[in-house]
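> structure of the sequence below:
(one chain, ligands or ions: 2)
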Amino acid sequence: MERSTIVRVHEGLHARPATRFVKLAKAFESDVELVKDGKAVSAKSSVKLMLLAVKENQEVTVRANGADAIEAIEALIGYLENPKAGLDDEETHAPANDAGKEAAPASQSAPAVSAEANGLRGVAASEGVAIGPAFAHFPPDIAGQGRMLQADEIAGEIERFRAAVAAVQARMDRALAQDSLSAGDRGIVAALRDIAADDSLTGEAEKAIKGGNDAVSAMIIAASTIAADFSAVDDHYLNARADDVHAVGRQICLALLGQDDVSLENISQGAILIADDIGAWDLARAPLKRIGGVVCGHGGATSHIAIIARSHGIPAVLGLGDRINALRTAQEVALDGNTGQVIIDPDAATRADFAGRVEAAATERAGLAAFKTVTPKLADGKVIEVAANIGSLEEIEAAQEVGAMGVGLFRTELLFMRHMHLPSEDMQAETYAALAKAFAPYPVIVRTLDIGGDKPIAGIEFPDEENPFLGWRGIRMCLDRPDIFKRQLRALLRAAVHGNIKVMLPMVSDLGEVRQTRVLVDKCAAELKAEGVPHATFDLGVMIETPAAVLIAPALAKEVAFFSIGTNDLTQYIMAADRLNPTVAKLNDVTNPAVMSAIELTARAGVAAGIMVGMCGEAAGRPDLIPAFLEMGLTELSMSPASIQRAKKTIMAMAAGE
Ligand code: PEP
Ligand code: MG
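Ligands and ions are numbered 1, 2, ... in the order given. A predicted model of the protein is given here:
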């Protein structure tokens, strides 16, 4: 018996909705299959279901065979037709590679990997300088027995295999039960546990054992097969699940071999962890407090290791490729997470230089702590707001610890990139409200989605573009996708009830973009009113980060409540120098007179119109430039939390005429 329907589950049967669908299917005795485009898979395997890549609005058929077939079809069709199915606990099930607390990369213009006379250069993935003994973490490859099993050995081998799977699942369950696990790390472990508990992987392995392979070889074969299936799907997020499958496979193999993975437990205080790659499972268990720095062959500024390193304040250089092998036998390593520089066995002079920089950083941090509670004012008494740039709620604490006076830039992209589907209005409203409450009465400036073809996210199809930085990004994309944009604006209107929320539009280059947004905001407010949903208005401002915005700044200033200068993009567009291209890095210089003039023109237009002019690009935190920006009339500077106390000190010194 079967029935067809159109899938209404929001963003289709991605990870969480697929797991929930399977749970529901397993509640029935009948054999249940889901059929799409003529391909049928068991509805009782979340891996198989995910690989079917069922998207919203596609037609599928539920097929059931058994005593409770009618009930099964009824329930499963009902699930597929519910847009919110499976999305209620999405926070705890972020994909393993994207979960975790996130901060801005160490350098927006991370240099490409290249060799250097005095060492190596990789991707600057987490800021800070470190020097320490090398801790090489190169777990040996796992191999099977290399002989085929006799027929009478197979049953015993399957039993041994099942015991190993159960042991790994139990270990993951124990890890999940620990209160000390952070929300991000919990998401990582939960996603891995889902895979370890799925019949596809274990079923594939048992098939290989029945074919005469020993359990370890069978597990390696099964993991490769399933991982290859994930890699082949035309979906960015599902591709990333291949690494998770390998990580689970490795754990099961180690359990079979009675080995523990090469442990990071023994890493000494301040050591530099050297690895080709580090699995999510290993990282979630590593003694991160003891790790002085990380250097890896794999990974980039947005890989999960970078995210975890940043959130724990560990300097990291990643993406060295095969050149990581040069560090296998290193005794001591120095690294600079701001530039990507790695030095193997530094000589006495380099060692002294790095030790001095590490010490200077510590001394500076200690001396700056006094500025946490300072409200910086200029000589005329004008308060300068020194706010934080953050991208997730997990960073609130770090910003508050250094005395951030609100948030000058909340990058909402991470909220969208972290999930396998677009975040719901409710989820966004909760996030923005939590942010507003945390900093009240200070303002929090939330930037609407600033995403483009260089950073794809699930749920939005981006065209292939020759020049993504000049393409369909920021406000341009949002205005073309009112379904996505309205959801964010409605969430912001709802959150504005809970604190001082301001909203800022990225990549504005035309007045019409502001006006169209206002129409949408009014429409959203009218809808919320009609629905009886509490909401409040917010100040609407723009980022000034295109030359066009600078040139029309006087007109823009009449229509918005504030400007925030985005020097990262403004510099690349004024100088026509790609911010990610190290070959033109010299031109990508905010101090170039062309860029400084653009900043001054903007400030003048904003001051003349009586609106607030702030800055949220990297330059806002530079002590050498802050006095010039304040003289131009800026009254708000927003930066990564690490720069806040130094900026307050600079302003106070300026006010004192130092
Ligand atoms: C900028 O362009 O200066 C900015 C703050 O935005 P982002 O770095 O996120 O593009
Ligand atoms: Mg920008």
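
> could you list the low-pLDDT ranges of the stretch 551-658 of the chain?
582 (pLDDT under 70).

> same question, the stretch 151-300 of the chain
Looking at the stretch 151-300 of the chain by pLDDT under 70, you get 179-188, 235-237, 239-240, 261-262, 279-281, 283-285, 300.

> all helices of it, in order?
Along the stretch 151-300 of the chain, counting by DSSP state H, counting those that start in this stretch, helices occupy 154-177, 183-196, 199-210, 215-232, 236-257, 280-285.

> quick one: which of the ones you listed is nearest residue 119?
Of all the helices of the stretch 151-300 of the chain, helix 280-285 sits nearest to residue 119, with 24.9 Å by CB to CB. Using the backbone N, CA and C atoms, a C-beta is placed for each residue, glycine as well.

> which among the helices of the stretch 151-300 of the chain is found nearest to residue 452?
Of all the helices of the stretch 151-300 of the chain, helix 236-257 sits nearest to residue 452, with 14.4 Å by CB to CB.

> in the closest one, which residues are buried?
For helix 236-257, a neighbour-count test (16 or more other CB atoms under 10 Å) marks 237-238, 240-256 as buried.

> how far off centre is stretch 200-216?
Using CA atoms, centre = their mean, to the nearest Å, the mean C-alpha position of stretch 200-216 is found 35 Å from that of the whole chain.

> tally of neighbours for residue 500?
Other residues near residue 500 come to 16 when the count uses other CB atoms under 10 Å.

> residue 575 too?
19.

> same question, residue 24
19.

> the helix or strand containing it - contacts with which helices or strands?
Using DSSP states H and E, residue 24 falls within helix 15-26. Where contact means 3 or more CB pairs under 8 Å, 6 or more residues apart in numbering; DSSP states H and E, helix 15-26 is packed against helix 46-51, helix 69-80, helix 183-196.

> switch to 6 Å and redo it
With contacts taken as 3 or more CB pairs under 6 Å, 6 or more residues apart in numbering; DSSP states H and E, helix 15-26 sits against helix 46-51, helix 69-80.

> and stretch 640-652, how far from the chain's centre?
On the basis of CA atoms, centre = their mean, stretch 640-652 sits 25 Å off its chain's mean C-alpha point.

> is it in proximity to ligand 1?
No - Stretch 640-652 stays clear of ligand 1 (CB under 6 Å from any ligand atom), getting no nearer than 10.6 Å.

> alpha carbons only: can I get that stretch in CSV?
What follows is stretch 640-652, C-alpha atoms only, in CSV (Å, rounded to 0.1, in the frame of the first residue of the first chain):
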residue,chain,number,x,y,z
SER,A,640,36.3,42.2,18.1
PRO,A,641,36.1,41.9,22.0
ALA,A,642,39.9,41.4,22.2
SER,A,643,40.5,45.0,21.0
ILE,A,644,37.9,46.8,23.2
GLN,A,645,40.0,47.6,26.3
ARG,A,646,42.9,48.9,24.2
ALA,A,647,40.5,51.1,22.2
LYS,A,648,39.0,52.6,25.4
LYS,A,649,42.6,53.3,26.6
THR,A,650,43.4,55.0,23.4
ILE,A,651,40.3,57.3,23.6
MET,A,652,41.0,58.2,27.2
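
> now residue 342: how far from residue 348?
Distance of residue 342 to residue 348, given as CB to CB, to the nearest Å: 18 Å.

> these two: which is more packed in?
Neighbours per residue, other CB under 10 Å: of residue 342 and residue 348, the larger number sits with residue 342, 27 against 7.

> ligand 1 contacts on the protein?
For the chain, the residues found near ligand 1 under the criterion CB under 6 Å from any ligand atom are 108, 409, 411, 450, 545, 566-569, 616-617.

> in JSON lines: the helices and strands packed on helix 15-26, plus mean pLDDT.
Formatted as JSON lines, the helices and strands packed on helix 15-26 follow (pLDDT from 0 to 100):
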{"stretch": "helix 46-51", "mean pLDDT": "83"}
{"stretch": "helix 69-80", "mean pLDDT": "90"}
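
> assign residue 559 to helix, strand or coil.
Here residue 559 is coil, with the state taken from DSSP: H, G, I helix; E, B strand; the rest coil.

> from ligand 1, how far off is it?
Distance, residue 559 to ligand 1, using CB to the nearest ligand atom, to the nearest Å: 21 Å.

> ok, that residue touching residue 514?
Yes - assessed by CB atoms under 6 Å, residue 559 is found in contact with residue 514 at 5.4 Å.

> those two: which has the busier surroundings?
Taking neighbours as other CB under 10 Å, residue 559 and residue 514 compare with residue 514 leading, 18 against 14.

> helix or strand right after the strand or helix carrying that one?
Under the criterion of DSSP H and E, residue 514 resides in helix 511-531. As assigned by DSSP H and E, the chain's next helix or strand after helix 511-531 is strand 539-544.

> any chance of the helices of the stretch 151-300 of the chain in TSV, with distance to residue 476 too?
What follows is the helices of the stretch 151-300 of the chain, written out as TSV (distance: least, CB to CB, whole Å):
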stretch	distance to residue 476
helix 154-177	42
helix 183-196	31
helix 199-210	41
helix 215-232	32
helix 236-257	21
helix 280-285	35
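
> please identify which of these is closest to ligand 2.
Nearest to ligand 2 among the helices of the stretch 151-300 of the chain is helix 236-257 (21.9 Å), distances taken as CB to the ion.

> for the stretch 501-650 of the chain, what spans make up the strands?
501-505, 539-544, 562-565, 612-615, 636-639 (DSSP state E, counting those that start in this stretch).

> mean neighbour count added to these, as TSV?
Below are the strands of the stretch 501-650 of the chain laid out as TSV (neighbours: other CB atoms under 10 Å):
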stretch	mean neighbour count
strand 501-505	25
strand 539-544	25
strand 562-565	28
strand 612-615	26
strand 636-639	27
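
> how about the ones you listed in JSON lines, adding distance to ligand 2?
Shown next, in JSON lines, are those (distance: least, CB to the ion, whole Å):
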{"stretch": "strand 501-505", "distance to ligand 2": "11"}
{"stretch": "strand 539-544", "distance to ligand 2": "6"}
{"stretch": "strand 562-565", "distance to ligand 2": "10"}
{"stretch": "strand 612-615", "distance to ligand 2": "12"}
{"stretch": "strand 636-639", "distance to ligand 2": "12"}
